[in-house]
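# My questions concern the predicted model and sequence given below.
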Amino acid sequence: EPVFMTPEPSGAPPQKRSLASLRRDLQMFAKYHLVRQPHRYPAPAEAEMRVELLPYDPSAHERELRSHAEHFDVETLGSVAYRGREHAITWLRNRAPASAPRLLVLSGVHGNEHAGIVSVPRLLERLVALGEPRVAVGIVTPVNPIGAMEGSRFNGQGFDINRDFRRFDTEEARLVRQVIADFRPQLIVSLHEGPQDASFVFVNRRVKAGLAERAIAQLAEHGVRLATTDYFGRTLPAPGYAPVSLTNHLLTRLWALTLGMMHTGMYADELGIGELTLESSWRGREEDRVRAHVELVCALVAELTPAH
């Protein structure tokens, strides 16, 4: 996800703001929050955002996903075309009982936030290690295959997919909408990264009281560094925990009604579904970045697992 004010390097003193920097910040805010299609191609992030891409090979990633077919149903959910080639979006689902609670994982909605994508094979290994599944876990990865390949937040037409859950102009958003309708999850977790130096979790209004706090506590127990502020610089009520306030909810509703833009968290809210959106740092060691994604999903699986 984006930031309003340009992020500072870790440990660096804040930069002095000038009219030029204010103009740049406002332009960046407009690009990331007020425009659904700021480009006509999968443009890379501005250099000042300092996004650190991870090694990612789409073909190797898909092969690795399909190597888990012994324990997961793996299929091509759909594909999107770019430069004469089709790029697959993969759907994986474990083989939990039909009556099991359902958790939907969205990976790679923003293509340049690589940790949520490369974490999926490791997550599959962890899920298998848990034994016989008692929670149905479905994973869409990468939601934005062209952005992932190009190192871009945007899809092949320059759309921000995570602003398209009201109009559904993009094939990627339409596929996610169909998955939600067919899979009928009780909970969604969307895996993102941002410019802050630690991890936090946005929590929509439909998440049951206490669930997010317990899952975030598990992140800390597994060595994930938790942020005390979000990427707008707002102080969080507890480390790593960013619940949607009434004010934020109303502003997001206004955003949707006036600009026709909506992210997955608000779309899930409208459907009555809880969503947690992880924001790990898009800088730092791959191991640390990936850990946050794997541990959050595993914590949510534990939360949804029925008692004996």
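The structure has been received and is ready for your questions.

# just so I have it, where are all the strands in the stretch 1-150 of the chain?
Along the stretch 1-150 of the chain, counting by DSSP state E, counting those that start in this stretch, strands occupy 72-82, 85-94, 102-107, 136-141.

# what comes up buried for the least confident helix or strand in the chain by mean pLDDT?
When each helix and strand of the chain is scored by mean pLDDT, DSSP states H and E, helix 19-33 comes last, with a mean of 80. Residues 28, 31-32 are the ones in helix 19-33 that count as buried (16 or more other Cβ atoms under 10 Å). Backbone N, C-alpha and C define where each C-beta goes, glycine included.

# ok, longest helix in this protein?
helix 286-304 (DSSP state H).

# Distance from the chain centre to that helix, please.
12 Å (Cα atoms, centre = their mean, to the nearest Å).

# and it, C-alpha only, in CSV?
The C-alpha trace of helix 286-304 is given here as CSV (Å, rounded to 0.1, in the frame of the first residue of the first chain):
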residue,chain,number,x,y,z
GLU,A,286,13.5,-11.6,2.6
GLU,A,287,13.2,-14.0,5.6
ASP,A,288,11.9,-11.2,7.9
ARG,A,289,9.4,-9.9,5.3
VAL,A,290,8.1,-13.4,4.4
ARG,A,291,7.8,-14.4,8.1
ALA,A,292,5.1,-11.9,8.8
HIS,A,293,2.9,-13.2,6.0
VAL,A,294,3.3,-16.9,6.9
GLU,A,295,2.8,-16.3,10.6
LEU,A,296,-0.3,-14.2,10.3
VAL,A,297,-2.1,-16.7,8.0
CYS,A,298,-1.1,-19.5,10.4
ALA,A,299,-2.4,-17.5,13.4
LEU,A,300,-5.7,-17.0,11.6
VAL,A,301,-6.0,-20.7,10.8
ALA,A,302,-5.5,-21.4,14.5
GLU,A,303,-8.2,-18.8,15.4
LEU,A,304,-10.7,-20.4,13.0
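
# what's next to that helix, contact-wise?
Residues from elsewhere that reach helix 286-304, judged by Cβ atoms under 8 Å, 6 or more residues apart in numbering: 54-55, 101, 103, 105, 115-116, 118-119, 122-123, 126-127, 130, 135, 137, 186-187, 189, 191, 193, 199, 201, 211, 214-215, 218-219, 222-225, 276, 278, 280-282.

# Just the mean pLDDT for it, thanks.
Helix 286-304 comes out with an average pLDDT of 98.

# Specify the angle between it and strand 85-94 in degrees.
Using axes from the mean of the first three to the mean of the last three Cα atoms, to 10 degrees, the inter-axis angle of helix 286-304 relative to strand 85-94 is 40 degrees.
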